[in-house]
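>>> Give me a 3D structure for the following:
(2 chains)
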Amino acid sequence: KAGVTQTPRYLIKTRGQQVTLSCSPISGHRSVSWYQQTPGQGLQFLFEYFSETQRNKGNFPGRFSGRQFSNSRSEMNVSTLELGDSALYLCASSPGSGTAKNIQYFGAGTRLSVL
Amino acid sequence: AQSVTQLDSHVSVSEGTPVLLRCNYSSSYSPSLFWYVQHPNKGLQLLLKYTSAATLVKGINGFEAEFKKSETSFHLTKPSAHMSDAAEYFCVRMDSSYKLIFGSGTRLLVRP
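All right, here's what the predicted structure looks like:
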C-alpha cells in the first residue's frame, strides 16, 4: 500500500506570492491533517479535513487555508507569503474510523522557502 | 493546557549502549501518547503508541516505552543503540479533539 504522498517536495517562492501544496493520503484514509514544522516553533497543527469538511483548526492566520476532495486528496494554500512561512509542511492521513481511526501517518513533507 | 515535555534536547550514546529518551505529559486523564521518529529530510515515522491497553508498549526497531501514570511519564528506551537510530524523536499526545500535540523533540546522536 502506498504511503502518504506530498508534492512538490521543494518550493521556492517570493514574499507576496501564493502557494498550493498537495497531499494524497493512504488509500482508504478519510482524514488528512496538516502541520507546519519550523526550527523556532517546532511542529504545529494547521487543520484537519475529514470527508471534505474542515473538522479542526489550529491557531494560524486566515492566509492559511485548505480543502479536501471527494477522493480524500487535500490541498493547502498559503496566500500573501511572508518570510516566516518558510517551513517544512507535513501532511498526515488517518483512517478516520475503526480501531486505528486516529493513528496518523505522515508524508515526507514539502519544504517551502520564501525569499 | 495539555502538553508534552521532552526533558532533553540532545542525547548522545555510543553504539551498542542503551538509549533513554525522556517525556512527561500533563493531563487530567489517561491520554493517547505516541513516539515518532524523524530522519533528516524525511517525514515522521510512527514508532509506537499507548492507548491504555498495556503500560509497556513495544514498537518498531526494538524501541519500547513505559507509561507511568504516577510519574506522568512515557519514556522511550532501546537496549542497544544502532548507528541508524540517529534521528530526532518526538513525544506526542493526542488531545480531546484528536489533534496531535508535539514535544520539542530530542536529537539522538549515536557515536561509533
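
>>> ok, now how distant is residue B:20 from chain A?
Look at residue B:20 and chain A: by CB to the nearest CB, to the nearest Å, they are 21 Å apart. The C-beta positions use only the backbone N, C-alpha and C, and glycine is treated the same way.

>>> element containing that residue?
Assessed by DSSP states H and E, residue B:20 sits inside strand B:19-21.

>>> partner strands of that strand, parallel or antiparallel?
Strand pairing for strand B:19-21, determined by DSSP bridges: strand B:73-78 (antiparallel).

>>> Can you list the buried residues in the strand it pairs with?
Within strand B:73-78, the residues that qualify as buried are B:73, B:74, B:75, B:76, B:78, counting by 16 or more other CB atoms under 10 Å in any protein chain shown.

>>> so after it, what's the next helix or strand?
strand B:87-94.

>>> if we can go back for a sec, pull out the buried positions in the strand holding residue B:20.
In strand B:19-21, counting by 16+ other CB under 10 Å, buried: B:19, B:21.

>>> Which strands or helices does the next helix or strand after that strand pack on?
Counting by DSSP H and E, the next helix or strand C-terminal to strand B:19-21 is strand B:23-26. In terms of contacts (3 or more CB pairs under 8 Å, 6 or more residues apart in numbering or on different chains; DSSP states H and E), strand B:23-26 is packed against strand B:3-6, strand B:32-38, strand B:73-78, strand B:87-94.

>>> So for strand B:23-26, mean pLDDT?
Mean pLDDT, strand B:23-26: 93.

>>> Residue B:112 contacts residue B:86, doesn't it?
No - contact criterion CB atoms under 8 Å: residue B:112 and residue B:86 do not qualify, at 10.5 Å.

>>> Which one's more surrounded, these two?
Using other CB atoms under 10 Å in any protein chain shown, the more surrounded residue of residue B:112 and residue B:86 is residue B:86, with 17 against 6.

>>> Find the residue closest to that one in space, skipping its chain neighbours.
Among residues not flanking residue B:86 along the chain, residue B:110 sits closest, at 4.6 Å (CB to CB, 6 or more residues apart in numbering or on different chains).

>>> check contacts around residue A:54.
Counting by CB atoms under 8 Å, 6 or more residues apart in numbering or on different chains, residue A:54 touches A:47, A:48, A:66.

>>> quick one on the thing from earlier: where does the residue nearest to residue B:86 fall, secondary structure wise?
Counting by DSSP H and E, residue B:110 is part of strand B:106-111.

>>> For chain B, which residues score under the pLDDT cut-off?
B:1-2, B:28 (pLDDT under 70).

>>> rerun at 80
Scanning chain B for pLDDT under 80 picks out B:1-2, B:27-30, B:41, B:51-54, B:96-97.

>>> interface residues of it facing chain A?
Contacts of chain B with chain A, taken as CB under 8 Å from any CB of the partner chain, map to B:32, B:34, B:36, B:41-46, B:49, B:90, B:94, B:97-102, B:104-105.

>>> Would you mind measuring from the residue lying closest to residue B:6 once chain neighbours are set aside to residue A:79?
Of all residues not flanking residue B:6 in the chain, residue B:103 sits nearest, at 3.9 Å (CB to CB, 6+ apart). Distance, residue B:103 to residue A:79, using CB to CB, to the nearest Å: 31 Å.

>>> the more surrounded of the two?
More crowded of residue B:103 and residue A:79, by other CB under 10 Å: residue B:103, with 25 against 14.

>>> Does the more buried one touch residue B:5 like I think?
Yes - applying CB under 8 Å as the test, residue B:103 and residue B:5 come out as touching, 6.4 Å apart.
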